[in-house]
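J.: following is a predicted model, sequence given first.
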Amino acid sequence: MISCLRDKNGAGKRGPTPKLQRQIERLSRLPKAKQRVVMEMLEGVLSQAGR
């Protein structure tokens, strides 16, 4: 589920990992059910922000 958000080959810019990338990596280590809960929460926040 979360793998689509990560860089395809792992290569990228040098330097510190952006906070969002670190959070995505942490999220990818959660069980799929918890990933779904987080994604639903994120979608809800983003949809409200888009109004």
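T.: The structure has been received and is ready for your questions.
J.: pLDDT (mean, whole number) over the top helix by length along the chain?
T.: Determined from DSSP state H, the single longest helix within the chain is helix 32-49. The pLDDT scores in helix 32-49 average 96.
J.: list the helices and strands that helix packs on?
T.: helix 19-28 (3 or more Cβ pairs under 8 Å, 6 or more residues apart in numbering; DSSP states H and E). (Each C-beta comes from the backbone N, C-alpha and C, glycine too.)
J.: what angle separates the helix it packs on from helix 32-49?
T.: Put simply, helix 19-28 runs at 140 degrees to helix 32-49, going by axes from the mean of the first three to the mean of the last three Cα atoms, to 10 degrees.
J.: which neighbouring elements make contact with helix 19-28?
T.: helix 32-49.
J.: dump the helix it packs on to CSV, restricted to CA.
T.: In CSV, the C-alpha atoms belonging to helix 32-49 read as follows (Å, rounded to 0.1, in the frame of the first residue of the first chain):
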residue,chain,number,x,y,z
LYS,A,32,-1.5,-3.1,6.6
ALA,A,33,-4.5,-2.6,8.8
LYS,A,34,-2.8,0.3,10.6
GLN,A,35,-1.6,1.7,7.3
ARG,A,36,-5.2,1.8,6.1
VAL,A,37,-6.3,3.7,9.2
VAL,A,38,-3.5,6.3,8.8
MET,A,39,-4.3,6.7,5.1
GLU,A,40,-8.0,7.2,5.8
MET,A,41,-7.1,9.9,8.4
LEU,A,42,-4.7,11.6,5.9
GLU,A,43,-7.3,11.5,3.2
GLY,A,44,-9.9,13.1,5.5
VAL,A,45,-7.5,15.9,6.5
LEU,A,46,-6.5,16.6,2.9
SER,A,47,-10.1,16.6,1.7
GLN,A,48,-11.0,19.1,4.3
ALA,A,49,-8.0,21.3,3.4
